[in-house]
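1. based on what follows, work out the 3D shape:
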Amino acid sequence: MDLKQARYNMIEQQIRPWDVLDQNVLDLFDKIPRDDFVPEGYRRLAYADIAIPIGHGQVMMHPKVEGRMLQALSPHATDKVLEVGTGSGFVTALLASMAHHVYSVEIFPDLQQQAAARLERHHIANVTLEEGNGAMGWDRHGLYDVIAVTGSLPELPDSFQSSLNRGGRLFAIVGQPPVMEAVLITRVGDQEFSHEVLFETDMIPLVEAPRPVEFVF
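-> Sure thing, here's the model as predicted:
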């Protein structure tokens, strides 16, 4: 299989048509080989428009969703980033290639270890991987300029917004099947936030994600 051609097709037939027009983002998908970040048995499908399983019932985002997320967050070279859900480490690598430093938290130790090995092979060193449950936020490194939540949340805890610097951006997929919305939240003041719905999608929830209170009548 020609993986280089498959990578080109992914960019031109999946990501770009989904309104990802930022050339810096498109170049990153060409530069970082996604096939190096998928489980070995799925290498031939690394550039397909599917959610690739990575273990523990978790999956990678579709490439086009990764692209839209990265374009919306638009990390800067001075930004401190929080990623909730390291997963395969591919999105971690994309974020690290744009930002100053990425703190990435993963609840499954084996996924974290595999991601660490992949990042090391690509000499990506501006990343701190941590084990834990980030579904309610992860404020141990202060305020962040960018927060990327790579699994869905039935509802978005306020703690994520509170962890943003002024001007900071948060991407999250919020809701429950069959209706989930990818949202971009920007902190524009001390207690002021702008909300933008980017698109509708479907994504496996974060492990131990908080669920809305159900009323029983």
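2. ok, residues contacting the one helix or strand Val81 maps to?
-> Using DSSP states H and E, Val81 maps to strand 80-84. Residues from elsewhere that reach strand 80-84, judged by Cβ atoms under 8 Å, 6 or more residues apart in numbering: 75, 91-92, 95-96, 99-105, 134-135, 138, 141-151, 163, 206. No exception for glycine: its C-beta is placed from N, CA and C like everyone else's.
3. counting neighbours, which bits of the lengthiest strand in the chain end up buried?
-> Longest strand in the chain, counting residues (DSSP state E): strand 164-176. Using 16 or more other Cβ atoms under 10 Å as the test for burial, strand 164-176 gives Leu164, Gly168, Arg169, Leu170, Phe171, Ala172, Ile173, Val174, Gly175.
4. quick check: mean pLDDT across it?
-> Mean per-residue pLDDT for strand 164-176: 97.
5. beyond it, next helix or strand please.
-> strand 179-187.
6. that next one packs against which elements?
-> helix 63-73, helix 158-162, strand 164-176, strand 193-201 (3 or more Cβ pairs under 8 Å, 6 or more residues apart in numbering; DSSP states H and E).
7. now do the last one: everything it contacts.
-> Counting by Cβ under 8 Å, 6+ apart, the neighbours of strand 193-201 from elsewhere in the structure are 65, 68, 72, 161, 164, 173, 179-188.
8. hang on, the earlier thing: widest-spaced pair of the buried residues of strand 164-176?
-> Gly168 and Gly175 (22.3 Å; Cβ to Cβ).
9. assign a three-state SS to the spatially most central residue of the chain, would you?
-> When Cα atoms, centre = their mean is applied to the chain, the residue found nearest the centroid is Thr150 (3.8 Å). Classification of Thr150 by DSSP: H, G, I helix; E, B strand; the rest coil places it in strand.
10. doesn't Phe90 make contact with it?
-> No - look at Thr150 against Phe90 with Cβ atoms under 8 Å: they stay out of range, at 9.8 Å.
11. thinking again about what came up before, how about the nearest residue to the residue nearest to the centre of the chain once chain neighbours are set aside, what does it touch?
-> Take Thr150 and drop its neighbours on the chain: the residue closest to it by Cβ to Cβ, 6 or more residues apart in numbering is Gly85, 3.8 Å away. Each residue near Gly85 by Cβ under 8 Å, 6+ apart is listed here: Gln58, Ser104, Val105, Glu106, Ile107, Gly134, Val149, Thr150, Gly151, Leu206.
12. which pLDDT value belongs to Gly85?
-> pLDDT at Gly85 comes out at 97.
13. what's the answer for Met1, then?
-> At Met1, pLDDT is 67.
14. swap in the one 5 residues further on?
-> Ala6 carries a pLDDT value of 97.
15. correct me, but it touches Ala46?
-> Yes - assessed by Cβ under 8 Å, Ala6 is found in contact with Ala46 at 7.4 Å.
16. now do the buried residues in the top helix by length along the chain.
-> As assigned by DSSP state H, the longest helix anywhere in the chain is helix 109-121. By neighbour count with 16+ other Cβ under 10 Å, helix 109-121 contains the buried residues Leu111, Gln112, Gln114, Ala115, Ala116, Arg118, Leu119.
17. distance to Arg211 and pLDDT added to those residues, as TSV?
-> Output for the buried residues of helix 109-121, formatted as TSV (distance: Cβ to Cβ, whole Å; pLDDT from 0 to 100):
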residue	distance to Arg211	pLDDT
Leu111	23	98
Gln112	25	98
Gln114	28	98
Ala115	27	98
Ala116	30	98
Arg118	32	98
Leu119	32	98
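18. brilliant, that's me finished.
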